[in-house]
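Colleague: Okay, here's the prediction I keep looking at, along with the sequence it came from:
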Amino acid sequence: MRFLRAGLVGLLALIARGVLARYRPRIVAITGSVGKTSTKEVTARMLATRYRVRRTEGNYNTEVGVPLTIIGERQPRSPLAWPWLLLKSLRLLAGTSEYPEVLVLELAADKPGDMKHLAGLVRPDVAVVTNVRNVHREFYDSLDRIADEKGWLIRSLKNTGTAVLNADDPRVREMRSLTTAKIRLYGESRGAHVRLQGAEHARGGYRATVEFGEREAVLRTGVHGTAQLLAITAALAAAEALEVPLPDALKAAAGWTPPPGRLRVFEGKHDRTIIDDTYNASPEAVIASLEALQAFPPPRRAVLGDMQELGPDSAAGHRAVGKAAAKLVDELVVVGEEAAVIAAAAQEARLASGSIHLASNAMEAIKIVNGLGKGGSLLVKGSQSMYLEQVVASELKHPNDRSRLLQRLSNPWHAKRAGVTGWGKRG
């Protein structure tokens, strides 16, 4: 089976290279520990104001998904369908089909060697690195190793291209030395070429000033949280590299809605505001979301689940979240065995024990949340494997919102793992 997969990966890469050589699209490739998908989505939205754009969809950011995105096909559900897909792909090489002018590709590096392979395949015109964080540590023994892996995207950048690097992350900023291409730093740090300043956050979103050297522009957006705002800043730098007029890019940012599970705000039952940030979790991301919660009405409550794939730093990461939660929430529900460390750290940091609740899974968390007081705001965040979107769905005032939140659970494999047979019902 391993040899079959290796053969398939090699064949897909060969066809994808042929398609890129045949149609010569401009390529924007995006990687980073967190924030890849949001950055990819808003970048594609900005570029679509000027170009025909295709972007990575779903989790098509791997050695199989990236070539399929280039080819313009979905992964077959049946192994028997692969020959037909490959035949269609070969016809694309010989045809004169209208092909996208720009590809916006998200690249993942879950293990050593992934980024070297993917970056060498796509050879981007614009390469964006969002950050280096303590995630997917099971295959890397240090953050420096993660940074080295992400750095292959910059090493593979065309000499005539542009590297868009997070000025606020020292490991990303140091990637300037990996290329002779043009460098565009983005972020809040002094010296960033696209610099975010004076961000004001309220329930309706953000208003901020973005500096482009001597120029300034006002950014208005309905997103919540610094991470989403920095995704927009990175996208502005990428759009500038491909000569998208600034007014068009800003207008696209103003109308952008983050993908599901990434700081989306909903009207909840019992006069609550629900903040859905359930897509995934790392210590830095959870703390940033807790800080974003401060813009919403009290009492402020949070449901926090296990943060997985943290490797040897797992306990320390959960403790850091617990200490932050003690300062930033009025009531805390933790979900999972590892998250119990969050509860212990929050209690040590003097959050009242009566305000801390423990649940073993999402269904138990739903029962606890149902018993909390009315009003205020509820943040829900945890690793994907915790399926905490069920908590969000149970709290929504408008049931029609559930289908957008629970798309994963329409997949029988995910539903079985989550232990549900319907929207929030225990199987």
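Modeller: Thanks, I have it.

Colleague: so where's this protein uncertain?
Modeller: The model of the chain has pLDDT under 70 over residues 1-2, 96, 136-138, 203, 403-407, 409-410, 420-427.

Colleague: If we use 80, what do you get?
Modeller: 1-5, 95-97, 134-139, 202-204, 399-427 (pLDDT under 80).

Colleague: Residue 183 sits in which helix or strand?
Modeller: Assignment of secondary structure by DSSP states H and E places residue 183 within strand 182-187.

Colleague: quick one: buried residues of stretch 215-223?
Modeller: Buried positions in stretch 215-223, judged by neighbour count with 16 or more other CB atoms under 10 Å: 219, 221-223. All C-beta atoms are positioned from the backbone trio N, CA, C, and that covers glycine.

Colleague: CA atoms only for that stretch, dumped as CSV, please.
Modeller: C-alpha atoms of stretch 215-223 as CSV (Å, rounded to 0.1, in the frame of the first residue of the first chain):
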residue,chain,number,x,y,z
ARG,A,215,1.1,55.7,2.3
GLU,A,216,-1.7,55.0,4.8
ALA,A,217,-5.0,53.4,4.4
VAL,A,218,-8.0,52.7,6.7
LEU,A,219,-9.0,49.1,7.1
ARG,A,220,-12.6,48.3,8.2
THR,A,221,-13.5,44.7,8.7
GLY,A,222,-16.0,42.6,10.5
VAL,A,223,-13.5,40.0,11.7
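
Colleague: And the contacts of that stretch?
Modeller: Contacts to stretch 215-223, defined as CB atoms under 8 Å, 6 or more residues apart in numbering, come from residues 196, 204-210, 228-229, 232, 246, 250, 253-254, 256-258, 263.

Colleague: Apply 6 Å and report the result again.
Modeller: If you take CB atoms under 6 Å, 6 or more residues apart in numbering as the criterion, stretch 215-223 is touched by 205-210, 246, 253-254, 258.

Colleague: Show the backbone phi and psi for the residue lying closest to residue 284 once chain neighbours are set aside.
Modeller: Distances taken as CB to CB, 6 or more residues apart in numbering place residue 133 nearest to residue 284, at 5.6 Å, with adjacent residues excluded. Torsion angles at residue 133 (phi, psi; degrees, to the nearest 10) stand at phi -130, psi 170.

Colleague: In contact with residue 133, which residues?
Modeller: Residue 133 makes contacts with 33-34, 282, 284, as judged by CB under 6 Å, 6+ apart.

Colleague: Okay, and which of the residues you listed map to helices?
Modeller: Counting by DSSP state H, these place residue 284 in helices.

Colleague: now for the contacts of residue 133, which pair is the farthest apart?
Modeller: The most widely separated members of these are 33 and 284, with 8.8 Å between them, by CB to CB.

Colleague: Can you lay out the buried residues of stretch 215-223 as a markdown table showing distance to residue 48 and secondary structure?
Modeller: Output for the buried residues of stretch 215-223, formatted as a markdown table (distance: CB to CB, whole Å; DSSP: H, G, I helix; E, B strand; the rest coil):
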| residue | distance to residue 48 | secondary structure |
| --- | --- | --- |
| 219 | 18 | strand |
| 221 | 17 | strand |
| 222 | 18 | coil |
| 223 | 18 | coil |
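
Colleague: With distance to residue 291 as new columns, can those be given to me in CSV?
Modeller: As requested, the buried residues of stretch 215-223 are exported to CSV (distance: CB to CB, whole Å):
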residue, distance to residue 291
219, 19
221, 17
222, 18
223, 14
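
Colleague: my guess is residue 402 contacts residue 393, does it?
Modeller: Yes. With contact defined as CB atoms under 6 Å, residue 402 counts as touching residue 393 (4.7 Å).

Colleague: Pretty sure residue 199 is one of the things residue 207 touches, is it not?
Modeller: No. Residue 207 is beyond contact range of residue 199, at 7.5 Å (criterion: CB under 6 Å).

Colleague: quick one on the thing from earlier: could you single out the nearest of the buried residues of stretch 215-223 to residue 55?
Modeller: Among the buried residues of stretch 215-223, and counting by CB to CB, the member closest to residue 55 is residue 223, at 18.0 Å.

Colleague: With adjacent residues omitted, what lies nearest to residue 73?
Modeller: residue 85 (5.5 Å).

Colleague: After the helix or strand hosting that neighbour, which helix or strand is next?
Modeller: According to DSSP H and E, residue 85 maps onto helix 82-94. Sequence-wise, the next helix or strand downstream of helix 82-94 (DSSP H and E) is strand 102-106.

Colleague: elements contacting that following strand?
Modeller: On a contact count with 3 or more CB pairs under 6 Å, 6 or more residues apart in numbering; DSSP states H and E, strand 102-106 meets strand 26-31, helix 36-47, strand 53-55.

Colleague: nearest to residue 370, of these?
Modeller: Nearest of those to residue 370, taken as CB to CB: helix 36-47 at 30.7 Å.

Colleague: for that closest one, packing partners?
Modeller: Contact here means 3+ CB pairs under 6 Å, 6+ apart; on that basis helix 36-47 packs against strand 26-31, strand 53-55, strand 102-106, helix 226-241, helix 246-254.

Colleague: quick one: that helix to strand 102-106, angle?
Modeller: Between helix 36-47 and strand 102-106, the angle comes out at 170 degrees (axes from the mean of the first three to the mean of the last three CA atoms, to 10 degrees).

Colleague: With that, I have no additional questions.
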